[in-house]
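Visitor: quick check, what structure comes out for this input:
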Amino acid sequence: MLPIDHPVSTYAISVVEGDRVAGDLVRMACERHLMDLETGRDRGLYFDCAAADRILNFAKLIQHTTGPMAGKPMALEPWQQFRHGSVFGWKRIGTGLRRFKSTYHQVGKKNGKTTDTAVPALYTQIADGEASPQGYCAATTRDQAGLLFNELKKMVAASPLLSNPQAMKVWRYQIETPLTGGFIKCLSRDGGASDGINPHFAARDEVHRWTDRELAEVVVQSMLARSQPIDWAITTAGADLNSVCGELRRYSDKVLRGDVNDDSFFAFVAEPPQDCDPADPVAWAMGNPNLGVSFKQEDLARLYEQAQAISGRMPNFKRLHLNLWTEGAEAWIDRAVWDQGGQPFDEDRLFGRKAWVALDLSKKVDTTSIVIAVPVDGLIYLICYTFLPEGPKGFIVRAQTENREFVGWRDEGWLEVHKGGAIDEDQVVERLQWIVNHFDVQEIAYDRWGMDGVVKEAIRRRFPMVEHGQGYASMSAPMKMFEQRSMERRIRHGGNKVLTWAVGNVFRDEDAAEQIKPNKRKSTGRIDPAVAAIMAVGRAENAEEKRKAREILTV
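Guide: Numbering: from 1, shown residues only. The predicted model follows:
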């Protein structure tokens, strides 16, 4: 077979000629391959079809272990054949060693990055002709590194050929390869043991989460003793280009555009233009080369609709599902969606109903909020009370300094202003007493780091107090529930202007496990009423789900 007829080249041709949807950087990677077929020998490079075939054929020995494809042999898609075939097919004249030692693979979430990476990870152990090959699944945390490692263990166990004891042995913390004297282990900063390694292959997973430059440098520099090692960096786009991953992304751009000549570096960056329309299915295909294979277009459309309604999700939609780097914040919940819950309602008609209450007890000089959530016929009615001390120089001066709308909100009854420079805790307790007298209060959720005096008095009065943390573990489920109910137009807030202002200020923070919470430090203004509303809705909906579960059990 001529190199131009190989599947690696046929994919490249289809992209360059426009027969296959791809972003600019993927097109440049394909153009680079085709150009090197013509001119590579001038630089001592050649494409070895047989070597490329070996890695592609090896993939067929591996079985999927999860999802609807579990138990079926892996069939690499054309974009995967291009990447694997390129990395293992390009060689150097004279030595026959691989051309590419460093690689960067950036594709959207749910495109099978982990499963895909198993191919070179296992191949380099058993079929690469390397003596005592060391393989590592590297990540910043042990849990993240374990995702790929555990997938590898399952794949080995599912393959009759690989699970032969003379080939590979699976242990809890190591995969041994007696055939070659090699092994695969996890490697992370919190797991230690990064010194003295000598990797032949290292998969650096979700590099956009790497904040530890030292670990990255240890992995890369420890490969120098190997003749043809592979640094396999895989990731979705990140949110900070001034990072370890951001540097790789920028370097990829320079290499693919020809600004930097580096024949040892391979990059595949599947992303649409930065200014693309996030609703455009063409943009979706550019960021997700496995669209229609590992997940459906209608699933992506549903995620887009949610991000459009809850604007705080849009940056993550662009980053995770368009594979675009995002920096900066956007509004949390789209104002048009929120305003649809602003119809006035008669609070008196809610008296006596079951209610869930939450307090965000901030510092005495800041705003403090109480929100009541009253579920009625599938809707959740919110009644919000926000308290603000007038400040040492008086309320008007404070309003002119912080938010001129404070004056109007006070006059309209949305804001309760306390005399002096601090919140009057007695007034907060009396408001709680009024709520308990008028509603069937099930719980009053509060952050234990709030005002001790308010909490102690509330407990003395036998109010049903429940501690509620402000971290990811405590806030993620309630915040996601709040988003969902807002998107479903099931929240009624009566046009409360202070609550509306607070919801518009919220910055939606997310951790590595995709847990979310409001970030007060990054938010654009005070968010205390929004935090209390999230807590109240979360407690109310949690109780409703438990009630439904009990009904199912008793049927």
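Visitor: for the longest strand along the chain, name the packing helices and strands.
Guide: If you go by DSSP state E, the chain has its longest strand at strand 379-389. Strand 379-389 is packed against strand 368-376, strand 415-418, helix 425-438, strand 491-492, helix 497-505, helix 528-554, with contacts defined by 3 or more CB pairs under 8 Å, 6 or more residues apart in numbering; DSSP states H and E. The way it works is simple: take the backbone N, C-alpha and C, and place the C-beta from them, glycine included.
Visitor: can you list the strands that that strand pairs with?
Guide: Sheet neighbours of strand 379-389, with direction, are listed as strand 368-376 (antiparallel), strand 415-418 (parallel), strand 491-492 (parallel) (DSSP bridges).
Visitor: hmm, who's touching the last one?
Guide: Right, the one you point to is strand 491-492. If you take CB atoms under 8 Å, 6 or more residues apart in numbering as the criterion, strand 491-492 is touched by 341, 343, 345, 379-382, 482, 485, 537.
Visitor: got a markdown table for those residues, with neighbour count, distance to residue 87 and pLDDT too?
Guide: Listed next are the contacts of strand 491-492 as a markdown table, based on neighbours: other CB atoms under 10 Å; distance: CB to CB, whole Å; pLDDT from 0 to 100:
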| residue | neighbour count | distance to residue 87 | pLDDT |
| --- | --- | --- | --- |
| 341 | 22 | 52 | 94 |
| 343 | 10 | 59 | 93 |
| 345 | 18 | 62 | 96 |
| 379 | 15 | 55 | 96 |
| 380 | 24 | 53 | 97 |
| 381 | 21 | 58 | 98 |
| 382 | 22 | 55 | 98 |
| 482 | 28 | 45 | 96 |
| 485 | 20 | 47 | 94 |
| 537 | 27 | 49 | 97 |
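Visitor: which one of those residues is nearest residue 133?
Guide: Using CB to CB, the shortest approach to residue 133 within these belongs to residue 482, at 49.8 Å.
Visitor: so that closest one, which of the three states?
Guide: Going by DSSP: H, G, I helix; E, B strand; the rest coil, the secondary structure assigned to residue 482 is helix.
Visitor: and residue 273, how far is that from residue 169?
Guide: Separation of residue 273 from residue 169 (CB to CB, to the nearest Å) stands at 48 Å.
Visitor: with neighbour numbers in mind, choose between those two.
Guide: Neighbour comparison, residue 273 and residue 169: the larger count goes to residue 169, with 15 against 12 (by other CB atoms under 10 Å).
Visitor: ok, the residue nearest to that one when sequence neighbours are not counted - how many residues close by?
Guide: Excluding its sequence neighbours, the residue lying closest to residue 169 (CB to CB, 6 or more residues apart in numbering) is residue 176, at 4.4 Å. Summarising burial for residue 176: neighbours were counted as other CB under 10 Å, giving 18.
Visitor: and the next helix or strand past the host helix or strand of residue 176?
Guide: Under the assignment given by DSSP states H and E, the secondary-structure element containing residue 176 is strand 175-177. Towards the C-terminus, the helix or strand next in line after strand 175-177, according to DSSP H and E, is strand 182-188.
Visitor: next, the contact list for the closest residue in space to residue 407 that isn't next to it in sequence, please.
Guide: Sequence neighbours aside, residue 399 is the residue nearest to residue 407 in space, at 5.0 Å (criterion: CB to CB, 6+ apart). Taking CB under 8 Å, 6+ apart, we find residue 399 in contact with 405-407.
Visitor: picking up where we left off before, just the closest of the contacts of strand 491-492 to residue 519, please.
Guide: residue 482 (15.1 Å).
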